[in-house]
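In: Sequence first, predicted model second:
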Amino acid sequence: MLDTRTLRATQYAWMADDPAIYLNAASVGPMPQAAVDVADRWSAMRARPHALPFQDMLDSAATARAQFAALVGADAEEIALMPNTTYGLNLAARALPLRPGVILTFDGEFPSCVYPFQALGSRGVELELVPRVHGLPDEDTLVQAIAQRDDVVAVVVSWTQFASGYVADLARIGHACRARGVFFIVDGIQGCGVRPIDLHALPVDIFASGAQKWQLGPWGTGFVYVRRELVTTLQPFDVGWACMKRSTDYTRLTDYEFDFFDDARRFEVVTLAYQDFAVANASTALLLELGVANVAAHIEALTGRIVDWAQSRRDVRLVTPPEPARRAGVVSFVPAALDAMAARLTAAHVSHTVREGAIRLSPHVYNTAAEMDAVVGVLER
Ligand SMILES: Cc1ncc(COP(=O)(O)O)c(C=O)c1O
């Protein structure tokens, strides 16, 4: 059980006297005080770089790899630090040895799952969208296509969809892929930090996430997981000094020894955002300390209130699947008078977004049952 009261008092003290009810982690996760403190400390050190020990910079990156790995059930050697999700998806699109054929994804995915793969046309790799059924991904059709077609070379899906909130069955899709030698790529940003995951137990080849939403970190921080067996077989598509073993020895950089790291650092091209990763580390540490399973249980109870409300109304269409296994932190619904309802939420200081014609609410660990009751009161008005 989460102690939300203590969490709010220590990490989100501003919530006590700010009228906002923040239900928009699916856009931007608010950084906890521990992360803000690290940002302040690092900014002060960054202003006087001689006061910033070089080892602290290396440690910030190493800790980020280790903590992101812990968050998703991977090893640090399988994690490359990235500025965002999309960069990791580009790695998948361009470094995986894809033969000419078809990549499948769901219609309705965030564009990061679409454009990097559409860009492969000149290599004879085409992206195909599996049509939605009742506005949601059609997993049966996807799995059937993987099993029956010979032209499918990869599948890319979001773990949790940004607009519908639909949670994909990664085990089911992944096993279908594995059985046919098809690469399986996952955009994890809308689930990472809000649902437990054990990548070593899943047939996922590449998993990318950014820390700025549910991971409560700063913009510009994220990671890509590359399954251990793939790490050394993938040729980095962007090549820089930081991918190479030589980059650890500043006394001999001009030896120009073309020898990639044997772990996922081979995909880290440039000087890292050490400061931002130090900040992200404070956020990840908090999530790990709270326990992602506890966070998930807390959020399930909060989102359940919105789901129950939407299902009780004949003039509201719930977009997100009601089954807890099929949703994470996002709940989307379409009321009869969407604009009026969005205006009411705004007037009541309820942070929300409208995505793809639906109102999207996305509570996180700091939200309370009382807040959700207040929001239901606004929706009901
Ligand atoms: C599913 C999904 N993927 C990716 C992104 C953003 O990607 P990036 O972190 O590369 O900006 C979003 C942001 O809304 C998203 O919802």
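Out: That came through, no problem.

In: Which positions in the stretch 201-350 of the chain make contact with the ligand?
Out: Residues of the stretch 201-350 of the chain lying near the ligand by CB under 6 Å from any ligand atom: Gly210, Gly222. For the C-beta atoms, the positions are set from N, CA and C on the backbone; glycine is no exception.

In: what ranges do the strands span in the stretch 201-350 of the chain?
Out: Per DSSP state E, counting those that start in this stretch, the stretch 201-350 of the chain carries strands over the ranges 206-210, 222-226, 316-318, 331-335, 350-351.

In: before we move on, what about the stretch 1-150 of the chain?
Out: Counting by DSSP E, counting those that start in this stretch, the strands of the stretch 1-150 of the chain are 21-22, 79-82, 101-106, 125-130.

In: Select, out of those, the one closest to the ligand.
Out: With CB to the nearest ligand atom as the criterion, the ligand lies closest to strand 79-82 of the strands of the stretch 1-150 of the chain, at 8.4 Å.

In: for the strands of the stretch 1-150 of the chain, which one ends up most surrounded?
Out: Of those, the one with the most neighbours on average (mean count of other CB atoms under 10 Å) is strand 79-82, at a mean of 27.

In: report the longest helix in the protein, please.
Out: Secondary structure of the chain read by DSSP state H shows that its longest helix is helix 292-312.

In: For that one, list the C-alpha coordinates in PDB.
Out: In PDB, the C-alpha atoms belonging to helix 292-312 read as follows (Å, rounded to 0.1, in the frame of the first residue of the first chain):
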ATOM      1  CA  VAL A 292       6.000  -0.200  -9.300                       C
ATOM      2  CA  ALA A 293       3.500  -2.900  -8.400                       C
ATOM      3  CA  ASN A 294       2.300  -0.700  -5.600                       C
ATOM      4  CA  VAL A 295       2.100   2.300  -7.900                       C
ATOM      5  CA  ALA A 296       0.100   0.200 -10.400                       C
ATOM      6  CA  ALA A 297      -2.400  -1.000  -7.700                       C
ATOM      7  CA  HIS A 298      -2.900   2.600  -6.600                       C
ATOM      8  CA  ILE A 299      -3.500   3.900 -10.100                       C
ATOM      9  CA  GLU A 300      -5.800   1.000 -10.900                       C
ATOM     10  CA  ALA A 301      -8.000   2.100  -8.000                       C
ATOM     11  CA  LEU A 302      -8.000   5.700  -9.100                       C
ATOM     12  CA  THR A 303      -8.700   5.100 -12.800                       C
ATOM     13  CA  GLY A 304     -11.400   2.600 -11.800                       C
ATOM     14  CA  ARG A 305     -13.400   5.400 -10.400                       C
ATOM     15  CA  ILE A 306     -13.500   7.100 -13.800                       C
ATOM     16  CA  VAL A 307     -14.200   3.900 -15.600                       C
ATOM     17  CA  ASP A 308     -17.100   3.200 -13.300                       C
ATOM     18  CA  TRP A 309     -18.500   6.700 -13.800                       C
ATOM     19  CA  ALA A 310     -18.200   6.500 -17.600                       C
ATOM     20  CA  GLN A 311     -19.900   3.100 -17.600                       C
ATOM     21  CA  SER A 312     -22.700   4.400 -15.500                       C
END
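
In: So that it lines up with my notes, have the first residue be 329 from now on.
Out: With 329 as the first residue, the last one maps to helix 620-640.

In: elements contacting that helix?
Out: Counting contacts by 3 or more CB pairs under 8 Å, 6 or more residues apart in numbering; DSSP states H and E, helix 620-640 is packed against strand 644-646, strand 659-663, helix 697-708.

In: could you dump those to JSON lines with mean neighbour count and mean pLDDT?
Out: Putting the helices and strands packed on helix 620-640 into JSON lines (neighbours: other CB atoms under 10 Å; pLDDT from 0 to 100) gives the following:
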{"stretch": "strand 644-646", "mean neighbour count": "18", "mean pLDDT": "97"}
{"stretch": "strand 659-663", "mean neighbour count": "23", "mean pLDDT": "98"}
{"stretch": "helix 697-708", "mean neighbour count": "15", "mean pLDDT": "97"}
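
In: Turn the ones you listed into CSV, including distance to Leu432.
Out: Below are those laid out as CSV (distance: least, CB to CB, whole Å):
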stretch, distance to Leu432
strand 644-646, 27
strand 659-663, 24
helix 697-708, 36
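
In: among these, which is nearest Gly449?
Out: Closest to Gly449 of the helices and strands packed on helix 620-640, according to CB to CB: strand 659-663, at 31.7 Å.

In: Would you state the helices of the protein in chain order?
Out: 332-339, 361-375, 382-400, 413-423, 443-446, 467-476, 498-507, 556-559, 602-618, 620-640, 666-675, 697-708.

In: average pLDDT across stretch 399-411?
Out: The average pLDDT for stretch 399-411 rounds to 98.

In: Indicate which one of the helices and strands packed on helix 620-640 is closest to Asp577.
Out: Comparing the helices and strands packed on helix 620-640 by CB to CB, strand 659-663 comes nearest, at 51.0 Å.

In: Between helix 697-708 and the longest helix of the chain, find me the angle.
Out: Angle of helix 620-640 versus helix 697-708, following axes from the mean of the first three to the mean of the last three CA atoms, to 10 degrees, is 20 degrees.

In: circling back: could you dump the strands of the stretch 329-478 of the chain into CSV with distance to Asn418 added?
Out: Formatted as CSV, the strands of the stretch 329-478 of the chain follow (distance: least, CB to CB, whole Å):
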stretch, distance to Asn418
strand 349-350, 31
strand 407-410, 9
strand 429-434, 13
strand 453-458, 14
